[in-house]
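Visitor: My questions concern the predicted model and sequence given below.
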Amino acid sequence: MNTNSTDFACLVTGFLTDYLPHHRCYSKNTILSYRDTLKLFLRFIKEEKGILLNSFYIRDFKRELVIEFLEWYRNSGAGISAANQRLAALKAFSDYAQLENIEYIAPLQNVSGIKAKKAAPKEVAFLTVEQMSSLINSPDINSSTGFRHRVILTLLYDSGCRVQELCDITIADVSLGSVATVRLHGKGNKYRTVVLSEATAKLVGSYLSRYRLYAVGTDLLVTNRYHCRIDRDGISYIVKKYADALHKEDATFPEHVHCHMFRHSKAMHMLEAGINIVYIRDFLGHEDISTTMVYVRADNRLKNDAINALAPKVTDEANLPDWSKDKDLLQFLNSLK
């Protein structure tokens, strides 16, 4: 062990670079998610607890600290489901640490024993077709930055991809033939190919011919402003930038727009267009159709709200008779034994 590294730091390195990829065979995206959780936890102990990272040891990784971290995370605006995902990553790290540092198995088992909170069924947040159109068309395509941002927002919606899937798209993954498609690298190290609209294909083709003319197939399709790999935070920044500007112009535009809302919006718009739920499942890359059914339930709620809003305009319920004043009926009911 490097004398300048704590045992906790060494365990984090082994967990992310050896255990998860080689022993558990987790996908890159899953490993990145676990890494982000550990980064967030380290930020918490440094900024909120005032603990120096080079003085934090595995013996300090206790149940009480993890619970406090989860409360801090939820208080910062995260939902119960998001906090449960962070907890799952920390419990997986705790399970690994028990095998590597068996002398701390008792306190680490206490971390592994933390129970996730039950979350209420999550509402699907999405934008209307008009709102999504306004957002996607916000970037000014007369500049290279605006054109790149337009491509990012358009692909995020039209392909229904997850944000990490967008980050990983290479030029070779895009086919602009008679039927334009993009190949996405999804969860579980699985690939799927989805069809792009003609308008999106034209936009991407123009982007490639203008700004990526000398790029090769293994190069990433979209990059950051330094022409390096763009990450999820970078795309989140782009989405927030244009969404905030629209909200300032129009207070009815949703105040909080995140990357995954593009995926939700695409699914809802496909459902509203009458596209079969099985195709939507395959398009989104869901393993189980029960995951996709959340959009059907959301669509049914919208229809129910519309029906209830319409009903008073059609059905007059002001003159319904009061059955409690019907003495014959009351006598009959009271006679039942």
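Guide: In hand now; what should we look at? None of these values were measured; they are calculated from a predicted model. Numbering: from 1, shown residues only.
Visitor: what about the stretch 51-200 of the chain, any weak spots by pLDDT?
Guide: Scanning the stretch 51-200 of the chain for pLDDT under 70 picks out the ranges 121-122.
Visitor: Walking through it, point out its strands one by one.
Guide: Taking DSSP state E, counting those that start in this stretch as the test, the strands found in the stretch 51-200 of the chain are 174-175, 181-185, 191-195.
Visitor: Check which helices and strands the first one sits against.
Guide: Counting contacts by 3 or more Cβ pairs under 8 Å, 6 or more residues apart in numbering; DSSP states H and E, the secondary-structure elements packed against strand 174-175 are strand 181-185. From N, CA and C alone the C-beta is placed, and that goes for glycine too.
Visitor: do that again at 7 Å, thanks
Guide: Under the contact definition 3 or more Cβ pairs under 7 Å, 6 or more residues apart in numbering; DSSP states H and E, strand 174-175 sits against no other helix or strand.
Visitor: send the alpha carbons of stretch 36-52 over as CSV?
Guide: Extracted in CSV, the C-alpha atoms of stretch 36-52 (Å, rounded to 0.1, in the frame of the first residue of the first chain):
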residue,chain,number,x,y,z
ASP,A,36,-20.3,9.1,-9.0
THR,A,37,-21.8,7.9,-5.7
LEU,A,38,-18.4,7.6,-4.1
LYS,A,39,-17.4,11.1,-5.4
LEU,A,40,-20.6,12.5,-3.9
PHE,A,41,-19.9,10.7,-0.6
LEU,A,42,-16.3,12.1,-0.5
ARG,A,43,-17.6,15.6,-1.2
PHE,A,44,-20.0,15.2,1.7
ILE,A,45,-17.3,14.1,4.2
LYS,A,46,-15.0,16.9,3.0
GLU,A,47,-17.3,19.8,2.6
GLU,A,48,-20.1,19.0,5.1
LYS,A,49,-18.1,17.1,7.8
GLY,A,50,-14.8,18.9,7.4
ILE,A,51,-12.9,15.6,7.2
LEU,A,52,-9.7,15.6,5.1
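Visitor: can you list the residues that contact that stretch?
Guide: Residues from elsewhere that reach stretch 36-52 (Cβ atoms under 7 Å, 6 or more residues apart in numbering): 12, 53, 56, 69, 72, 86, 89-90, 93.
Visitor: I'd assumed Y191 was in contact with S27.
Guide: No: counting by Cβ atoms under 7 Å, S27 does not reach Y191; the two are 11.3 Å apart.
Visitor: So for those two, which residue has more residues nearby?
Guide: More crowded of S27 and Y191, by other Cβ atoms under 10 Å: S27, with 17 against 11.
Visitor: How about the more buried one, nearest residue that isn't a chain neighbour?
Guide: Excluding its sequence neighbours, the residue lying closest to S27 (Cβ to Cβ, 6 or more residues apart in numbering) is N189, at 4.4 Å.
Visitor: what about that neighbour, neighbour count?
Guide: Quick note: N189 (other Cβ under 10 Å) scores 12 neighbours.
Visitor: And for the one 5 residues further on?
Guide: Residues near V194, counting by other Cβ under 10 Å, number 19.
Visitor: Kindly state the beta-bridge partners for it.
Guide: Listed by DSSP bridges, the beta-bridge partners for V194 are V182.
Visitor: Which members of the contacts of stretch 36-52 are classed as buried?
Guide: 12, 56, 69, 72, 86, 89-90, 93 (16 or more other Cβ atoms under 10 Å).
Visitor: Which ones among the residues you listed map onto helices?
Guide: Applying DSSP state H to those, the entries found in helices are 12, 69, 72, 86, 89-90, 93.
Visitor: From the residues you listed, pick the one nearest Y295.
Guide: Minimum distance to Y295 across those is 25.2 Å, recorded for R86 (Cβ to Cβ).
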